[in-house]
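Novice: I need the structure of the sequence given here:
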Amino acid sequence: MKIVQINTFPYKATGNIMLGIHRLLTEEGHDSYVVWGRGRDAENDHEIVIKDDLGVKLHGAYTRLTDRTGFASKPATRKLLAKLDEIQPDIVHLHNIHGYYINIELLFNYIRSKSIRVVWTLHDCWPVTGHCAYFDMVGCEKWKTGCHDCEQKGTYPASKLLDSSAWNWDRKWQLFSGLDITIVTPCVWLKRIINQSFLREYPIKVLYNGIDLDVFKPSYTSEKRRKYCPDDKAMVLGVASEWTERKGLNDFIRLAEKAPDIQFVVVGLTEEQVKRMPNSIVAIERTSNVQELVELYSVADVFLNPTYEDNFPTTNIEALACGTPIVVYDTGGCPEAVEIGNKTANRIVGTVVKKKSSSNDDVDSLVACLRQAAEGKQSKIAYCRKAAKAFDMHMRLKEYTSIYEEQRTAIEMRI
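Specialist: Got it, this is the predicted structure:
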């Protein structure tokens, strides 16, 4: 089969998933291609970059003025469609199609005109809303019947002037409907969301994200521990690729004020955010050094993920794979990672807590939970590692090949 995957980047969680599938398909003899909008250059003729730096900037400006993200980037998209004409794929596998790099109108009209089968892995809720990637923080349900008067117009993809949420929602509904699409969600939570949206006409499969257990594994060094936690304290780690408000950075600050006996370490901050962090928090900028991240996961006593809006964060399972128990908010698919992990390990290696309010009682209860989770870390490493095996990347990626085989059968029957 000829399969083309499309994503914004060749890195971060979504890019890693795309490239992992690509490697597996190539090993199994399929004619696999990957496409991205920006990031690194292509390394071979099966990697396609529709890079358009000016187009990305213009798309961003267009979004800020009109609130119509996804409806610019025509030159880059025409370049992509010309490549698809050359390849003649049996299946187009979509990942994130937002990010100021592609025109969804051109893309989906092309898919419709060519009757191409589509596998679409949804990494957030953007495809079914009129603006936002998530809506939990404002409790919005307008996406079910038709967006309008968006409360999150200023959030990504931010608009500074107009509110086009009603137009966006209606146009997405028209573009994304009536096609040959199989939806993949990385957790049951998102499947429930999609089943309440205009995409509910399509079959939906849940395939949990996976990680490379040969990379993410216990790697404790006393030197690294002393560097970030020199005192005899419990060490609580937080990791994110981008610490926006929804990721819970302010909760780390509040916790550090309430629990001086815990050393909080936060990774993934911008240079400006590092400057604003209190001295009680070890603040670390974003890192592309995976081994450094593995060592940080390994020396921590607890991994805390206080995200208020999310899908199925791989940071949770990366921490488990490095032998560290996790504490997560009841957000998106986070509870599912805990439930599956605890069941696989036959031991409590993860705890789910309610999202915090500003009350002191809420903060005190979370501090107590972190202290309890940090006890006896060494005795929990093997159980955490066992829990992570449920998310073995090789096992999870092979689930995609079964979807492709189903599509192959359908294609052959149609022929």
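Novice: who are the packing partners of the top strand by length along the chain?
Specialist: With secondary structure taken from DSSP state E, the chain has its longest strand at strand 262-269. The contact analysis (3 or more Cβ pairs under 8 Å, 6 or more residues apart in numbering; DSSP states H and E) places strand 262-269 against strand 234-239, helix 249-258, strand 281-285, helix 290-299, helix 360-374. C-beta coordinates here come from the backbone N, C-alpha and C atoms, glycine included.
Novice: ok, now which ones touch Ile348?
Specialist: Contacts here follow Cβ atoms under 8 Å, 6 or more residues apart in numbering; on that basis Ile348 touches 325, 342.
Novice: cool, Phe303 as well?
Specialist: Contacts here follow Cβ under 8 Å, 6+ apart; on that basis Phe303 touches 236-239, 297, 315-316, 319-320, 324-327.
Novice: quick one: which of the residues you listed is nearest Arg276?
Specialist: Of all the contacts of Phe303, Arg276 sits closest to Gly238, with 15.2 Å by Cβ to Cβ.
Novice: pLDDT score for that closest one?
Specialist: On pLDDT, Gly238 comes in at 98.
Novice: ok, now Ala13?
Specialist: Listed pLDDT for Ala13 reads 88.
Novice: with only the CA atoms kept, save the lowest-mean-pLDDT helix or strand in the chain in CSV.
Specialist: Ranking every helix and strand in the chain by mean pLDDT, DSSP states H and E puts helix 393-414 at the bottom, with a mean of 82. The C-alpha trace of helix 393-414 is given here as CSV (Å, rounded to 0.1, in the frame of the first residue of the first chain):
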residue,chain,number,x,y,z
MET,A,393,5.3,1.9,21.3
HIS,A,394,5.9,-1.1,19.1
MET,A,395,2.7,-2.8,20.3
ARG,A,396,0.6,0.4,19.9
LEU,A,397,2.0,1.3,16.4
LYS,A,398,1.2,-2.2,15.1
GLU,A,399,-2.5,-1.4,15.9
TYR,A,400,-2.3,1.1,13.1
THR,A,401,-1.3,-1.6,10.6
SER,A,402,-4.5,-3.5,11.4
ILE,A,403,-6.5,-0.4,10.4
TYR,A,404,-4.5,-0.1,7.1
GLU,A,405,-5.2,-3.8,6.4
GLU,A,406,-8.9,-3.2,6.9
GLN,A,407,-8.6,-0.3,4.4
ARG,A,408,-6.7,-2.5,2.0
THR,A,409,-9.5,-5.1,2.1
ALA,A,410,-12.1,-2.4,1.4
ILE,A,411,-10.0,-1.0,-1.5
GLU,A,412,-9.7,-4.4,-3.1
MET,A,413,-13.4,-5.1,-2.7
ARG,A,414,-14.2,-1.8,-4.3
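Novice: can I get the one helix or strand Ala166 maps to in CSV, CA atoms only?
Specialist: Taking DSSP states H and E as the definition, Ala166 sits inside helix 165-176. The C-alpha trace of helix 165-176 is given here as CSV (Å, rounded to 0.1, in the frame of the first residue of the first chain):
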residue,chain,number,x,y,z
SER,A,165,-16.4,30.6,15.1
ALA,A,166,-19.9,30.1,13.6
TRP,A,167,-18.6,30.3,10.1
ASN,A,168,-15.6,28.0,10.9
TRP,A,169,-17.8,25.4,12.6
ASP,A,170,-20.2,25.3,9.6
ARG,A,171,-17.5,25.1,7.0
LYS,A,172,-15.6,22.3,8.8
TRP,A,173,-18.9,20.4,9.0
GLN,A,174,-19.3,20.7,5.3
LEU,A,175,-15.7,19.9,4.4
PHE,A,176,-15.3,16.9,6.8
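Novice: name the helices or strands packed onto whichever helix or strand comes after it?
Specialist: For helix 165-176, the following helix or strand on the C-terminal side (DSSP H and E) is strand 181-185. Here strand 181-185 touches strand 117-121, helix 188-194, strand 204-206, helix 393-414, going by 3+ Cβ pairs under 8 Å, 6+ apart.
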